[in-house]
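K.L.:
have a look at this prediction, sequence included:
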Amino acid sequence: MKVRVLPSGQEFDARQDEPVLSAALRAHFNLPHSCKSGHCSSCRARIVVGEVSYPGARPLGLTAQEQAAGFALLCQARAAGDLVIEAREIRRVTDVEIKTLPCRIEAREPLAPDVLRLWLRLPAVESFHFLPGQYLDVLLAGGRRRSFSIASPPHDAARLELHVRRVAGGSFTEELFAQDAPGALLRIEGPIGQFVYVDADAPVIFIAGGTGFAPVKSMLRHALERGTPRDIHFYWGARTPADLYEEALVRAWAARHPRFHFTSVLSEAQPEAPATSVQERGWVHETVLARHPDLSGHEVYAAGPPAMIDAIRAQFPAHGLAAERLYFDSFDYATR
Ligand SMILES: Cc1cc2nc3c(=O)[nH]c(=O)nc-3n(C[C@H](O)[C@H](O)[C@H](O)COP(=O)(O)OP(=O)(O)OC[C@H]3O[C@@H](n4cnc5c(N)ncnc54)[C@H](O)[C@@H]3O)c2cc1C
């Protein structure tokens, strides 16, 4: 089946049994998306001609009114025949080639009790160009895939750094934590995603929840090590101090760069350690709003758990943040 994308008119092939978004990504056509589980609505597009179906019920991120108005979520929708769709096309990532490559886990280091840092070595003959904030998919047996953000910046990419949180009962991450020898081979596809940092003049706020620090680290290193004229505020939310696994590194950046300000926010009560101006208690998005009640004129980049992203998307516009100045990656999990 053919899928034509308006307004550019470009086309790609899709099978009836795969999500339209997967077919687009396979054809190296980088349509907007984030969670890939029908939740975050980033991949919402209008079906101009043709019909789509969903393997289960209507996805949670699509309202009945939107569906009736002809909208679909491409990460879940299957094409019932040829389609013409109208989708937001993201120019800034179109130059990046998505590749499928083998790579070796060259080193693994525990960062926290449930977070591992992986260093991936790509084949020497292959070039792998990515933008700060993008992610890759680890390809598993049976067509399953697991997404992880690249924590290293593009200017330091001899090895790729990933931060992997262990998910209790998770098929990929539990197995990864059970192995202890480096050298295992993985097959990856990437770089993927529109959560990409672009330098600008406006003040910028970065928000990470847990391992949402991974793409933010790539973006911050890109901005700080290459130099930027803008004021940068970074808020990192986690449950306990151990979950702020590279807090010392970020504090060292703040000491070195006068325009970079860092606040950590702990959501689980720490009675022995009262809140300070650099370490707060509560939910990270609420701390951001308390510190920046007027977000007009700011850009916000946020990555982490779906609940944190949902809260930011629901509450920040009322504080003056324009939708096109909010960039986010929701760490939803795969549906199989
Ligand atoms: C764009 C993107 C980027 C991501 N980047 C990172 C990253 O840099 N670091 C990182 O640690 N994770 C990241 N994630 C999340 C990561 O992909 C999942 O945690 C991972 O796929 C889990 O794989 P698994 O096979 O171990 O678990 P699965 O076998 O897929 O899951 C088993 C069950 O565990 C639960 N589960 C799975 N994942 C999560 C989760 N994240 N939170 C809560 N419950 C879960 C679900 O109930 C699920 O059914 C990212 C996700 C996306 C979409």
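P.N.:
Done, it's in. Numbers count the residues shown, from 1 in each chain.

K.L.:
which bits of the stretch 1-150 of the chain sit near the ligand?
P.N.:
Listed as neighbours of the ligand in the stretch 1-150 of the chain under the rule C-beta under 6 Å from any ligand atom: 35-36, 135, 146-149. The way it works is simple: take the backbone N, C-alpha and C, and place the C-beta from them, glycine included.

K.L.:
what comes up buried for stretch 119-133?
P.N.:
For stretch 119-133, the neighbour count (16 or more other C-beta atoms under 10 Å) marks 119-120, 122, 128, 130-133 as buried.

K.L.:
residue most distant from the centroid, this structure?
P.N.:
Computed with C-alpha atoms, centre = their mean, the maximum C-alpha offset from the centroid of the chain is found at Glu272, amounting to 33.7 Å.

K.L.:
and Ala314, helix, strand or coil?
P.N.:
helix (DSSP: H, G, I helix; E, B strand; the rest coil).

K.L.:
could you pull out the helices in the stretch 201-336 of the chain for me?
P.N.:
Taking DSSP state H, counting those that start in this stretch, the helices of the stretch 201-336 of the chain run over residues 213-226, 247-256, 284-291, 306-315.

K.L.:
quick revisit: show me the buried residues of stretch 119-133 that map onto helices.
P.N.:
Among the buried residues of stretch 119-133, DSSP state H puts none in helices.

K.L.:
redo those as JSON lines? Include pLDDT.
P.N.:
Output for those, formatted as JSON lines (pLDDT from 0 to 100):
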{"residue": "Trp119", "pLDDT": "96"}
{"residue": "Leu120", "pLDDT": "96"}
{"residue": "Leu122", "pLDDT": "93"}
{"residue": "Phe128", "pLDDT": "90"}
{"residue": "Phe130", "pLDDT": "93"}
{"residue": "Leu131", "pLDDT": "93"}
{"residue": "Pro132", "pLDDT": "95"}
{"residue": "Gly133", "pLDDT": "96"}
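
K.L.:
got JSON lines for those residues, with distance to Phe213 too?
P.N.:
Converted to JSON lines, these look like this (distance: C-beta to C-beta, whole Å):
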{"residue": "Trp119", "distance to Phe213": "16"}
{"residue": "Leu120", "distance to Phe213": "18"}
{"residue": "Leu122", "distance to Phe213": "23"}
{"residue": "Phe128", "distance to Phe213": "22"}
{"residue": "Phe130", "distance to Phe213": "17"}
{"residue": "Leu131", "distance to Phe213": "18"}
{"residue": "Pro132", "distance to Phe213": "13"}
{"residue": "Gly133", "distance to Phe213": "12"}
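
K.L.:
ok, so of those residues, who is nearest Ala318?
P.N.:
Gly133 (25.5 Å; C-beta to C-beta).

K.L.:
tell me what the longest strand anywhere in the chain is packed against?
P.N.:
Longest strand in the chain, counting residues (DSSP state E): strand 99-112. In terms of contacts (3 or more C-beta pairs under 8 Å, 6 or more residues apart in numbering; DSSP states H and E), strand 99-112 is packed against strand 115-121, strand 159-165, strand 185-192.

K.L.:
return the most buried member of the ones you listed.
P.N.:
strand 159-165 (a mean of 21; mean count of other C-beta atoms under 10 Å).

K.L.:
list the buried residues in the very next helix or strand once past that one.
P.N.:
Using DSSP states H and E, the helix or strand that follows strand 159-165 in sequence is helix 171-178. Across helix 171-178, burial judged by 16+ other C-beta under 10 Å covers 172-173, 176-177.

K.L.:
any idea how far stretch 152-168 is from the chain center?
P.N.:
Taking C-alpha atoms, centre = their mean, to the nearest Å, one finds the center of stretch 152-168 at 13 Å from the center of the full chain.
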